[in-house]
Structures are given as C-alpha cells and as structure tokens.
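Visitor: please work out how this folds:
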Amino acid sequence: MRVVKSNRTEELVRALASLLQTPSGEAFSEETVVVTSHGTKRWLGMQLAQVLGVCAAVRFPFPGTVIEEAFAAALGAEAAGLERWRPDTLQWSVLAALPGLLETP
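Guide: Below is the predicted model:
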C-alpha cells in the first residue's frame, strides 16, 4: 500500500499514473485503487486514461469492499456470515427487533 498526499488533484493523478505504469504483479493482474464515491471512480478512470493513454486492469472498489475482502481472505469460510453486519442489511434486523422493545424502559 502506498499513500500519496497533496491538495492538488492533478498531482495525485500524476503520482498514481506513475505507479500504475510499472506493473506490480503478473501480466493480467489488476491494480486496486480504493475510492469513496462513484463520481471519483469515473473521474479518476478518465484522468488516468488521459495521462496513460488507456486505463485498463484497474479496479476501483470502495473501502467497505476492501475490508470485506480482507476478512474473507483472513477468515475463509468463517467470513460467510459477515454480510449480516453490513449497514444496509443490519438496519432491517434492528427495525424488526424494535416493535418487541417498545414496552422496555
């Protein structure tokens, strides 16, 4: 993992493009760049394509996806039940439990 800091997006794109120009793995392996929004994903892909000529074999997952993949890699089959703790899934379990708790002080 490498972290580059700057308050200028064009400097960050240039630094990332420089890193991506040198393959870090096998010929057909993907590089992973973690992003926080769909807009950033699209913008960054376009900027990299402009600097490099093409943006291929780069995946742009969200931080939650990277964390889930790390847990799955570390825990193996035990990680299968972790999806129930995702916020979009957990909210329904909490909402289902609330009616039974209305009388509880």
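Visitor: need the strands for the protein, in chain order.
Guide: 31-32, 58-59 (DSSP state E).
Visitor: residue 8 is nearest to which of these?
Guide: Closest approach to residue 8 among those (Cβ to Cβ): strand 58-59, 21.0 Å. Any C-beta I mention is one placed from the backbone N, CA and C, and that applies to glycine too.
Visitor: mind listing what that closest one pairs with, with the direction of each?
Guide: In the sheet, strand 58-59 lines up against strand 31-32 (parallel) (DSSP bridges).
Visitor: quick check: the most centrally placed residue in the chain vs residue 26, distance?
Guide: The chain has residue 62 as the residue nearest its centroid, 2.3 Å off, counting by Cα atoms, centre = their mean. In this view, residue 62 and residue 26 are 25 Å apart by Cβ to Cβ, to the nearest Å.
Visitor: quick one: low-confidence parts of the chain?
Guide: The chain contains no residues with pLDDT under 70.
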